[in-house]
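>>> Okay, here's the prediction I keep looking at, along with the sequence it came from:
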Amino acid sequence: MSKYMIEVRDVDKEFNNGKESIHVLDHISFQVEKGEIVTLLGKSGCGKSTLLNMVGGFEKANGGMVILDGNEVRQPTRKCIMLFQQINLLPWRTVLKNVQLGLEEERISIEEMNQRVNDALTLVGLENHHHQFPHELSGGMQQRVAIARALAMQPDVILMDEPFAALDTFNRYLLQDELLRIQEKLKTTILMVTHDIDEAVYLSDRILIMTSHPGEIFKDVPIKLVKPRDRAGEDFHYYRKRILEDFELSGSRQEPEFII
Ligand SMILES: Nc1ncnc2c1ncn2[C@@H]1O[C@H](COP(=O)(O)OP(=O)(O)OP(=O)(O)O)[C@@H](O)[C@H]1O
């Protein structure tokens with residue numbers, strides 16, 4: 001049995017907009033071990049979301065393949081759930097009913113469904129909010145409901161596309177801590193996209209730095225700091241600085257318009 005939960009093998013992607021084709025991802029390969037948190041970090045347009053969509057089975061590659069827990073990904077599956085920045089709760093359903101949503105297609109008993117929904121809501125700290133509607137919750141609480149909905153499905157992998165980008169700093173920090181606490185408990189494999197360097201250093205076991213046009217993995221940076229990490233600590237700043245430098249050295253920096 002492979003120790004990898006996700007294997008991206010030589011994935012290549014072009015989009016055609018009718019007039020021209022854009023080479024978005026150039027022969028990308030990487031692996032994510034079971035229980036790891038790995039972040040794709042790169043500038044806007046470098047192909048992070050496209051790559052994440054491929055791992056989730058929402059987008060097809062022009063070449064190469066993605067293997068999830070030993071099986072080639074050909075379509076979305078319940079083993080691998082995507083969480084977006086847009087929260088996508090159904091406004092007419094309560095918190096409880098929104099979390100149930102992901103389980104309604106599963107062949108499980110009512111008792112098991114209730115148990116999984118209760119457990120997931122307790123994990124995200126919403127055990128006292130079952131009967132509220134989304135509009136009665138803050139943005140941070142709504143994102144917690146979305147996380148609970150994903151957790152209730154007991155996926156092997158959660159894919160996160162800038163899940164905290166719409167939140168204010170305090171809520172973002174709070175939810176990052178919640179995510180780490182939950183992941184420590186459940187050992188779910190997480191592949192995340194962000195352009196927030198601090199978020200990447202705070203959460204990740206490894207950061208994959210991408211360059212653009214076409215998107216490539218420029219560097220694989222293991223973050224060897226124990227969690228929870230001190231955002232104000234010297235070690236944290238070391239990684240932050242190193243990654244900032246990587247971006248400047250990555251070849252994707254714009255040349256100055258005039259050189260005197
Ligand atoms: N369905 C599509 N059709 C055509 N081009 C697309 C499509 N989806 C993405 N692209 C192009 O592919 C490139 C990569 O887009 P992608 O959204 O993956 O980048 P990103 O790194 O996630 O950007 P951001 O951080 O801004 O979300 C962009 O140039 C984008 O315009």
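Yep, that arrived. Since the model is a prediction, treat every value here as computed from it, not as a measurement.
>>> Strands of the chain, residue ranges please.
Taking DSSP state E to define them, one finds strands in the chain at 4-16, 21-33, 37-41, 63-68, 71-72, 80-84, 157-161, 189-194, 206-211, 216-222.
>>> Name the residues that touch the shortest one?
The reference is to strand 71-72. 65-66 (Cβ atoms under 8 Å, 6 or more residues apart in numbering). C-beta coordinates here come from the backbone N, C-alpha and C atoms, glycine included.
>>> Partner strands of that strand, with direction?
Sheet pairing of strand 71-72 (DSSP bridges) gives strand 63-68 (antiparallel).
>>> Outside of the strand it pairs with itself, list whatever touches it.
4-12, 27-29, 54-55, 57, 72-73, 77, 79-80, 156-157.
>>> likewise stretch 231-249?
Outside stretch 231-249, the residues within contact range by Cβ under 8 Å, 6+ apart are 41, 43, 173, 197-198, 200-202, 207, 209, 218-219, 221, 223, 225, 229-230, 253.
>>> Drop the exposed ones from those and show what's left.
41, 43, 173, 197-198, 200-202, 207, 209, 218-219, 221, 223, 225, 229 (16 or more other Cβ atoms under 10 Å).
>>> from those residues, which single one is nearest residue 16?
Closest to residue 16 out of those is residue 43 (22.8 Å), distances taken as Cβ to Cβ.
>>> Please name the nearest non-neighbouring residue to the closest one.
Spatially, and ignoring its direct neighbours in sequence, residue 43 is nearest to residue 212 (5.8 Å; Cβ to Cβ, 6 or more residues apart in numbering).
>>> residue contacts, the one you found?
42-43, 45-47, 252.
>>> Tell me which other helices or strands the longest helix along the chain touches.
Ordering each helix of the chain by length in residues (DSSP state H) puts helix 169-186 first. Counting contacts by 3 or more Cβ pairs under 8 Å, 6 or more residues apart in numbering; DSSP states H and E, helix 169-186 packs against helix 139-152, helix 197-203.
>>> what's the least confident stretch among those helices?
Among these, helix 139-152 has the lowest mean pLDDT, at a mean of 90.
>>> Next, the distance between the ends of stretch 219-238.
Terminal residues of stretch 219-238 lie 16 Å apart, using Cα to Cα, to the nearest Å.
>>> should've said stretch 85-92
Using Cα to Cα, the two ends of stretch 85-92 sit 20 Å apart.
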